[in-house]
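**Q** Model the structure of this input:
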Amino acid sequence: MTTAIRIPTVRLTVTSVQVDVLLAALHDGAEYRRDRAAGYCLDCQCEPGKLCADHARDLDTADDYDDLAAELEAAPASTALDGAA
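**A** Down below sits the predicted model:
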């Protein structure tokens, strides 16, 4: 059985400079998470796929950051983002 959770939609208006800062932060965060996941640890050695749960979560989080950045980059200025400076 699954349970539906209703999460309210948030509309956010940001300037083009703020969008640039958000994108840079997301890209930096994704890079950090991937670098962290590349740090082979003892737990990674014990896993069949040679990737521990913590490092797997880092890669998942990096992908989430990339997905959000792609959504922000694709959003028309008249919808989710206000591209005016």
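
**Q** contacts and neighbour counts: CA atoms only from here.
**A** Will do.

**Q** Give the closest residue to Leu26 in space, chain neighbours not counted.
**A** The shortest distance from Leu26 to any non-neighbouring residue, by C-alpha to C-alpha, 6 or more residues apart in numbering, is to Tyr65 (5.4 Å).

**Q** First-to-last residue distance for stretch 40-55?
**A** Criterion C-alpha to C-alpha, to the nearest Å; first-to-last residue distance in stretch 40-55 is 9 Å.

**Q** list the contacts for the residue nearest to Leu26?
**A** Applying C-alpha atoms under 8 Å, 6 or more residues apart in numbering, one finds that Tyr65 lies in contact with 26-27, 29-30.

**Q** Could you pick out which of these are located in helices?
**A** Among the contacts of Tyr65, the members found in helices (DSSP state H) are 26-27, 29-30.

**Q** Tell me which residues of the helix or strand bottoming out on mean pLDDT in the chain come out buried.
**A** The weakest-scoring helix or strand in the chain, judged by mean pLDDT, DSSP states H and E, is helix 42-46 (a mean of 90). In terms of neighbour count (16 or more other C-alpha atoms under 10 Å), helix 42-46 has its buried residues at Cys44.

**Q** now swap in stretch 9-22 and tell me
**A** 13-14, 19, 22.

**Q** Repeat that for stretch 25-37.
**A** 26-27, 29-31, 33-34, 37.
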